[in-house]
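In: sequence and computational prediction follow.
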Amino acid sequence: MAPPVSAQLIDRFVDALWVEDGLAKLTLSAYRRDLGLLGDVGETLRALLPRLEPKADRSFLDAALAHYAKAREGLD
C-alpha cells in the first residue's frame, strides 16, 4: 500500500506554487484541499475493489451512451 500524501509535502508544493506563480490565497487553499483528497483516493479504491462484482447487464450503460450520442448530434 502506498503511503498517504503527507501534509508537509503538500504545504511545500503549495508554497512553491505561491512563490513561482503568485497564485491567490483561495487558489492555493483549493490546491491544498484537493491534493489532500487525492492522497486518499488510492487507499479508498484498494478497500473498495475487492467488494465489487462484475456485471454483464449493460442496459444502463447502453442507454446512457445512446443519450450522450443523441445530445452530441450536430456538435461534432
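Out: Perfect, thanks for sending it.
In: show me the shaky parts of this structure.
Out: Residue ranges of the chain with pLDDT under 70: 1-6, 20-21, 39-42.
In: mind running it again at 80?
Out: Filtered on pLDDT under 80, the chain yields the residue ranges 1-10, 12-13, 16-23, 35-46, 76.
In: how many neighbours does V14 have?
Out: 18 (other CB atoms under 10 Å). For glycine as for every other residue, the C-beta is placed from the backbone atoms N, C-alpha and C.
In: residue contacts, it?
Out: Contacts for V14 were tallied using CB atoms under 8 Å, 6 or more residues apart in numbering; they are L28, Y31, R32, L35.
In: of those residues, buried ones?
Out: Buried residues within the contacts of V14, counting neighbours by 16 or more other CB atoms under 10 Å: L28, Y31, L35.
In: tell me which of these fall in strands.
Out: Secondary structure defined by DSSP state E assigns none of the buried ones among the contacts of V14 to strands.
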